[in-house]
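> make a model of this:
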Amino acid sequence: MKLNKILFSAMVSFGILCTGAQTVSAAQVISPRSKVYYSNGQTTTIYSDPNLTQTTGKTLDRNVDQWEIFGEAINDAGQRTAVNLGGNQWISTCDAPKYHDIAEGSYVFNEAFSNYRPIQLYSDPQLTQPIGKLSTQYADWRINQVDFVDQSEAIYSIDVGNNQWASVEAFDYLLPQVVCVQPGTQLCDQLGHSTGKIIQNVTNMMYSTYGVKSIDGQLYVRLGSDQQWVLAQKVSPVA
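Okay, here's the model as predicted:
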(Lines give C-alpha, C1' and ligand atoms only; values in the text may rest on other atoms or scores of the structure.)
Protein backbone atom coordinates (compact mmCIF):
# COMPACT_ATOMS: atom_id res chain seq x y z
CA MET A 1 0.00 0.00 0.00
CA LYS A 2 1.56 3.25 -1.15
CA LEU A 3 1.88 6.17 1.23
CA ASN A 4 3.36 9.58 0.60
CA LYS A 5 6.59 10.20 2.49
CA ILE A 6 8.16 13.49 3.46
CA LEU A 7 11.09 14.51 5.63
CA PHE A 8 10.66 16.95 8.46
CA SER A 9 12.53 17.94 11.58
CA ALA A 10 10.97 19.53 14.65
CA MET A 11 11.08 19.33 18.40
CA VAL A 12 7.85 18.81 20.30
CA SER A 13 7.83 19.54 24.00
CA PHE A 14 5.10 19.62 26.61
CA GLY A 15 5.71 21.02 30.07
CA ILE A 16 4.05 19.85 33.26
CA LEU A 17 2.92 23.27 34.35
CA CYS A 18 -0.01 24.63 36.30
CA THR A 19 -2.14 27.71 36.02
CA GLY A 20 -1.74 30.56 38.44
CA ALA A 21 -5.50 30.86 38.82
CA GLN A 22 -7.12 30.11 42.14
CA THR A 23 -8.64 26.64 42.47
CA VAL A 24 -12.43 26.94 42.57
CA SER A 25 -13.28 23.29 43.13
CA ALA A 26 -11.77 20.09 44.48
CA ALA A 27 -9.26 18.31 42.31
CA GLN A 28 -10.66 15.57 40.09
CA VAL A 29 -8.89 12.22 40.45
CA ILE A 30 -8.43 10.23 37.25
CA SER A 31 -6.49 7.19 36.06
CA PRO A 32 -2.83 8.01 35.41
CA ARG A 33 -1.99 9.24 31.90
CA SER A 34 1.65 8.27 32.45
CA LYS A 35 3.15 5.38 34.41
CA VAL A 36 6.28 6.85 35.97
CA TYR A 37 7.05 10.02 37.94
CA TYR A 38 10.65 11.23 37.90
CA SER A 39 11.62 13.06 41.07
CA ASN A 40 15.22 13.77 40.00
CA GLY A 41 16.47 13.27 43.55
CA GLN A 42 14.21 15.96 45.02
CA THR A 43 12.90 15.50 48.56
CA THR A 44 9.35 16.51 47.65
CA THR A 45 6.70 16.86 50.39
CA ILE A 46 4.17 14.01 50.57
CA TYR A 47 0.47 14.73 51.17
CA SER A 48 -2.37 12.39 52.16
CA ASP A 49 -4.97 13.97 49.84
CA PRO A 50 -5.14 14.96 46.14
CA ASN A 51 -5.90 18.59 47.04
CA LEU A 52 -2.54 18.76 48.84
CA THR A 53 -3.97 20.15 52.06
CA GLN A 54 -2.72 17.55 54.57
CA THR A 55 0.99 16.79 54.79
CA THR A 56 2.13 13.42 56.10
CA GLY A 57 5.30 14.83 57.58
CA LYS A 58 7.33 12.77 55.12
CA THR A 59 9.25 13.50 51.91
CA LEU A 60 10.35 11.41 48.96
CA ASP A 61 13.56 9.44 49.32
CA ARG A 62 16.26 11.39 47.45
CA ASN A 63 17.99 8.08 46.59
CA VAL A 64 15.02 7.01 44.43
CA ASP A 65 14.22 8.99 41.29
CA GLN A 66 11.54 6.87 39.58
CA TRP A 67 8.13 6.21 41.11
CA GLU A 68 5.10 4.29 39.86
CA ILE A 69 1.99 6.46 39.44
CA PHE A 70 -1.33 5.05 40.68
CA GLY A 71 -3.54 8.05 40.01
CA GLU A 72 -3.43 11.73 39.24
CA ALA A 73 -5.37 14.83 40.16
CA ILE A 74 -6.34 17.46 37.61
CA ASN A 75 -7.71 20.98 37.96
CA ASP A 76 -10.53 22.67 36.06
CA ALA A 77 -8.19 23.41 33.15
CA GLY A 78 -7.37 19.71 32.78
CA GLN A 79 -3.81 20.16 34.02
CA ARG A 80 -2.18 17.58 36.25
CA THR A 81 -1.65 19.06 39.71
CA ALA A 82 -0.65 16.00 41.76
CA VAL A 83 0.13 12.31 41.46
CA ASN A 84 -0.54 9.39 43.81
CA LEU A 85 2.56 7.26 44.32
CA GLY A 86 0.61 4.58 46.15
CA GLY A 87 -1.29 4.34 49.43
CA ASN A 88 -2.67 7.88 49.03
CA GLN A 89 0.80 9.39 49.03
CA TRP A 90 0.28 12.49 46.89
CA ILE A 91 2.91 14.92 45.67
CA SER A 92 2.54 18.20 43.80
CA THR A 93 3.48 18.35 40.11
CA CYS A 94 2.77 22.07 39.70
CA ASP A 95 5.39 24.47 38.46
CA ALA A 96 3.81 27.78 37.50
CA PRO A 97 5.54 29.32 34.46
CA LYS A 98 7.26 32.68 34.78
CA TYR A 99 7.29 33.74 31.12
CA HIS A 100 4.78 33.37 28.29
CA ASP A 101 5.60 33.77 24.60
CA ILE A 102 2.70 33.69 22.12
CA ALA A 103 3.36 32.44 18.58
CA GLU A 104 0.92 32.65 15.67
CA GLY A 105 -0.03 29.43 13.91
CA SER A 106 -0.13 25.80 14.97
CA TYR A 107 3.62 25.18 15.41
CA VAL A 108 4.22 21.53 14.32
CA PHE A 109 0.62 20.38 14.72
CA ASN A 110 -2.37 19.91 12.44
CA GLU A 111 -5.05 20.01 15.11
CA ALA A 112 -6.04 19.38 18.71
CA PHE A 113 -8.32 16.40 19.39
CA SER A 114 -10.84 16.83 22.23
CA ASN A 115 -12.68 13.53 21.67
CA TYR A 116 -15.96 15.45 22.05
CA ARG A 117 -15.20 16.44 25.65
CA PRO A 118 -16.26 19.84 27.12
CA ILE A 119 -12.76 21.16 27.80
CA GLN A 120 -12.56 24.36 29.84
CA LEU A 121 -11.79 27.52 27.85
CA TYR A 122 -10.14 30.75 28.99
CA SER A 123 -9.81 34.23 27.52
CA ASP A 124 -6.08 34.36 28.25
CA PRO A 125 -3.15 32.01 27.56
CA GLN A 126 -2.25 32.03 31.26
CA LEU A 127 -5.58 30.24 31.86
CA THR A 128 -6.83 32.53 34.61
CA GLN A 129 -10.15 33.78 33.17
CA PRO A 130 -12.67 30.99 32.39
CA ILE A 131 -15.18 31.82 29.65
CA GLY A 132 -16.94 28.57 28.83
CA LYS A 133 -16.27 25.13 27.43
CA LEU A 134 -15.64 23.47 24.08
CA SER A 135 -18.67 22.17 22.21
CA THR A 136 -19.24 18.44 22.57
CA GLN A 137 -20.51 18.31 18.98
CA TYR A 138 -16.98 18.45 17.57
CA ALA A 139 -13.75 16.59 18.25
CA ASP A 140 -11.23 18.32 15.97
CA TRP A 141 -10.03 21.85 16.66
CA ARG A 142 -7.81 24.17 14.66
CA ILE A 143 -4.82 25.59 16.53
CA ASN A 144 -4.51 29.33 15.89
CA GLN A 145 -1.87 30.33 18.44
CA VAL A 146 0.51 28.53 20.76
CA ASP A 147 1.76 29.69 24.17
CA PHE A 148 5.38 28.74 24.86
CA VAL A 149 6.61 29.18 28.42
CA ASP A 150 9.80 30.00 30.26
CA GLN A 151 11.81 30.71 27.11
CA SER A 152 11.58 27.08 26.01
CA GLU A 153 9.65 24.92 23.55
CA ALA A 154 7.35 23.69 26.31
CA ILE A 155 3.73 24.38 25.33
CA TYR A 156 1.34 25.61 28.01
CA SER A 157 -1.87 26.41 26.15
CA ILE A 158 -3.36 26.75 22.67
CA ASP A 159 -5.87 29.11 21.10
CA VAL A 160 -8.66 27.25 19.29
CA GLY A 161 -10.09 30.46 17.80
CA ASN A 162 -10.99 34.02 18.80
CA ASN A 163 -8.67 33.97 21.80
CA GLN A 164 -10.31 30.93 23.33
CA TRP A 165 -7.45 29.24 25.15
CA ALA A 166 -7.21 25.75 26.61
CA SER A 167 -4.49 23.75 28.33
CA VAL A 168 -2.63 21.32 26.06
CA GLU A 169 -2.91 18.74 28.84
CA ALA A 170 -6.70 18.77 28.56
CA PHE A 171 -6.73 17.39 25.01
CA ASP A 172 -6.57 13.69 24.24
CA TYR A 173 -4.08 14.29 21.44
CA LEU A 174 -2.30 17.03 19.51
CA LEU A 175 -1.88 15.69 15.99
CA PRO A 176 1.66 16.30 14.65
CA GLN A 177 1.96 17.40 11.06
CA VAL A 178 4.58 14.71 10.48
CA VAL A 179 5.16 11.38 12.22
CA CYS A 180 7.63 8.53 12.03
CA VAL A 181 6.15 5.05 11.57
CA GLN A 182 8.22 1.89 11.70
CA PRO A 183 8.03 -0.78 8.96
CA GLY A 184 5.60 -3.58 9.77
CA THR A 185 3.16 -1.31 11.61
CA GLN A 186 -0.43 -2.50 11.17
CA LEU A 187 -2.77 -0.41 9.01
CA CYS A 188 -6.55 -0.47 9.33
CA ASP A 189 -9.69 1.21 8.03
CA GLN A 190 -11.84 3.67 9.96
CA LEU A 191 -13.71 0.77 11.58
CA GLY A 192 -10.52 -0.87 12.86
CA HIS A 193 -10.40 -3.66 10.26
CA SER A 194 -6.92 -4.67 9.11
CA THR A 195 -5.93 -3.40 5.64
CA GLY A 196 -2.24 -4.30 5.54
CA LYS A 197 1.06 -3.15 7.00
CA ILE A 198 3.72 -0.51 6.41
CA ILE A 199 6.15 -2.08 3.93
CA GLN A 200 9.14 -3.86 5.46
CA ASN A 201 11.96 -2.74 3.18
CA VAL A 202 12.01 0.90 4.30
CA THR A 203 13.20 2.16 7.71
CA ASN A 204 12.31 5.26 9.74
CA MET A 205 9.50 6.29 7.43
CA MET A 206 8.05 9.75 7.88
CA TYR A 207 4.51 10.66 6.84
CA SER A 208 2.19 13.61 6.75
CA THR A 209 -0.94 13.15 8.86
CA TYR A 210 -4.53 13.80 7.84
CA GLY A 211 -6.67 13.17 10.90
CA VAL A 212 -7.11 11.53 14.26
CA LYS A 213 -10.04 9.63 15.69
CA SER A 214 -11.04 7.18 18.39
CA ILE A 215 -11.70 3.62 17.16
CA ASP A 216 -12.93 1.12 19.76
CA GLY A 217 -11.60 3.33 22.55
CA GLN A 218 -8.11 3.77 21.09
CA LEU A 219 -6.65 6.75 19.22
CA TYR A 220 -5.66 6.30 15.58
CA VAL A 221 -3.84 8.61 13.16
CA ARG A 222 -4.65 8.73 9.43
CA LEU A 223 -1.62 8.65 7.13
CA GLY A 224 -3.47 8.75 3.82
CA SER A 225 -6.86 7.36 2.81
CA ASP A 226 -9.49 5.89 5.13
CA GLN A 227 -7.73 2.56 4.61
CA GLN A 228 -4.54 3.88 6.21
CA TRP A 229 -5.06 4.44 9.92
CA VAL A 230 -2.45 3.45 12.52
CA LEU A 231 -2.55 3.40 16.31
CA ALA A 232 -1.40 6.74 17.69
CA GLN A 233 0.82 4.94 20.17
CA LYS A 234 2.70 3.41 17.22
CA VAL A 235 3.75 6.78 15.75
CA SER A 236 6.15 9.37 17.04
CA PRO A 237 6.49 13.07 16.18
CA VAL A 238 9.53 13.76 14.05
CA ALA A 239 12.28 15.28 16.22
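> domain ranges for the chain, per the record?
If you go by automatic domain parsing, the domain ranges for the chain are 28-92, 100-172, 176-237.
> which stretches of the chain have low pLDDT?
1-25, 201-204, 239 (pLDDT under 70).
> centroid-nearest residue for it?
By Cα atoms, centre = their mean, the mean C-alpha position of the chain lies nearest to Glu169, the distance being 4.6 Å.
> helix, strand or coil for that one?
helix (DSSP: H, G, I helix; E, B strand; the rest coil).
> for it, give its distance to Pro125.
14 Å (Cβ to Cβ, to the nearest Å). Where you see a C-beta, it was placed from the backbone N, CA and C, and this is true even at glycine.
> now do Val149
Distance from Val149 to Pro125, by Cβ to Cβ: 9 Å.
> dig out what Phe109 forms beta bridges with.
Residues in a beta bridge with Phe109, per DSSP bridges, are Pro176.
> Tyr173 is in contact with that one, correct?
No: using Cβ atoms under 8 Å, Phe109 is not in contact with Tyr173; the gap is 9.7 Å.
> comparing those two, which shows the higher neighbour count?
More neighbours surround Phe109 than the other of Phe109 and Tyr173, with 22 against 19 (other Cβ atoms under 10 Å).
> quick one: contacts for the more buried one?
Ile143, Leu174, Leu175, Pro176, Gln177 (Cβ atoms under 8 Å, 6 or more residues apart in numbering).
> could you redo the last one with a cut-off of 6 Å?
Ile143, Leu174, Leu175, Pro176 (Cβ atoms under 6 Å, 6 or more residues apart in numbering).
> list only buried entries from these.
Using 16 or more other Cβ atoms under 10 Å as the burial test, the contacts of Phe109 include Ile143, Leu174, Leu175, Pro176 as buried.
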